[in-house]
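Q: Sharing a model prediction with you, sequence too.
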Amino acid sequence: MTRIGFYHLQLWPLEKALPALLEKVQAGGHRAVVMAGSPERVSFLDNLLWTYDPGSWLPHGSVRDGEAALQPIWLTAQDENPNGAGVLVLTDGVMPASLDGFTRVLDLFDGNDERAVQAARRRWKTWKDAGHELIYYQQTDRGGWVEKARHPTASPPPPPTA
């Protein structure tokens, strides 16, 4: 089953959290698909990833660029995995029809938007019922992440034997 991390954005907006998380994905040697809610949002994220930090570079592309198989990060509004990514990053409350092919999913949602929080809770329940491993991360005051919940919860270690 797929491991799904829910990232509750409280301090940082998506525009700051997404590049930071994608840098970690890339540093781990993984490919990613970033799924957004519309083609216009894909264009916005494309521009963001080129301009968020003048000293950084996140190689990425979208349908506008083509050559999906060569792109380490693929931006899309479609339910697809044309670059063979193992990591799927969800924004804008999107939910793919299938998680096939992905080992990790990062579901980023705005904790200051009650509708986004409620929608994330519905996605959690859907994926919990499907048997996926779920982890809930809450943003700290310093912008990092702390694990607050996990499903299934880890079993306690067996008692020591005499």
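A: Thanks, I have the structure now. Note that the structure is a prediction, hence the values are computed from the model and not measured.
Q: for this protein, what spans make up the helices?
A: 14-27, 39-51, 114-129 (DSSP state H).
Q: Throw these into CSV and include mean neighbour count, distance to T2 and mean pLDDT, thanks.
A: Any C-beta I mention is one placed from the backbone N, CA and C, and that applies to glycine too. Shown next, in CSV, are those (neighbours: other C-beta atoms under 10 Å; distance: least, C-beta to C-beta, whole Å; pLDDT from 0 to 100):
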stretch, mean neighbour count, distance to T2, mean pLDDT
helix 14-27, 17, 15, 96
helix 39-51, 16, 22, 97
helix 114-129, 14, 8, 96
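Q: Mind checking the ones you listed for the one nearest to Q78?
A: Set against Q78 and scored by C-beta to C-beta, the helices of the chain come closest in helix 39-51, at 9.2 Å.
Q: Among the helices of the chain, which comes closest to A69?
A: Between the helices of the chain, helix 14-27 lies closest to A69; by C-beta to C-beta that is 16.7 Å.
Q: now E133, nearest residue through space, not along the chain?
A: R3 (4.6 Å; C-beta to C-beta, 6 or more residues apart in numbering).
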